[in-house]
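**Q** Got a predicted structure here, sequence first:
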Amino acid sequence: MNYKEELKPMTILFRAFQAIEAYAKKDILNYGLNYTEFAAMEALYHKGRLPVQGMCQKVLIANSSMTYVLDKLQEKKYIDRIQDQNDKRTFYVELTPTGQKVADEIFPKHYETMKSLFDVLSKEEKEMLGTILKKVGYQALDMTDLWCSIILNKVPIRMF
């Protein structure tokens, strides 16, 4: 078996991901935000008010790191943290009017920039790419779920 040829699609996928991620990060720097600040604002822009724990899950960073990110966004006056009246341990995060204005300006520009990467593909190719990536992603999740349940005896999670 020729492993190099068998794994070529994976190598292509990883390299494409790295190139797309670098392009996205470069664009994000144009808006005066770092990657995690941008991701946090994007979650709030799309989902509205979220608990801090929900932010951690959306942005995929630890609570301690999220606290730092939220501190930076609060210093910029882009977000507010609101304590839950019924459960004093819970805090919610939402965009301020300033944060909403900034988000309304930067996200459409960023989406157009990112969309331009895929303009090279036809509508059918985009659909096919989505289908193929989901198929491989679900296979990886299924295999991870099986591995976790057998080896680690952990509860599997779904991402897609």
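**A** In hand now; what should we look at? Residues are numbered from 1 along each chain as shown.

**Q** CA atoms for contacts and neighbours, from now on please.
**A** Noted.

**Q** Next SSE downstream of the helix or strand harbouring residue 105?
**A** Element membership for residue 105 (DSSP states H and E) is helix 97-118. Once the chain leaves helix 97-118, the next helix or strand it forms, by DSSP H and E, is helix 123-147.

**Q** Wasn't residue 41 part of a helix?
**A** Yes. Residue state for residue 41 (DSSP: H, G, I helix; E, B strand; the rest coil) corresponds to a helix.

**Q** How about the contacts made by it?
**A** Residue 41 is in contact with 95, 99, 103, counting by C-alpha atoms under 8 Å, 6 or more residues apart in numbering.

**Q** From residue 112, how far off is it?
**A** Distance, residue 41 to residue 112, by C-alpha to C-alpha, to the nearest Å: 17 Å.

**Q** and if you look at residue 58?
**A** 22 Å.

**Q** now the helix holding residue 105, how far from the centre of its chain.
**A** Computed by C-alpha atoms, centre = their mean, to the nearest Å, the chain-centroid distance of helix 97-118 equals 15 Å.

**Q** and that helix, what does it pack onto?
**A** Packing contacts for helix 97-118, counted by 3 or more C-alpha pairs under 8 Å, 6 or more residues apart in numbering; DSSP states H and E, involve helix 8-29, helix 35-47.

**Q** mind checking which of those is nearest residue 135?
**A** helix 8-29 (13.3 Å; C-alpha to C-alpha).

**Q** Just the buried residues of that closest one, please?
**A** Residues 24, 27-28 are the ones in helix 8-29 that count as buried (16 or more other C-alpha atoms under 10 Å).
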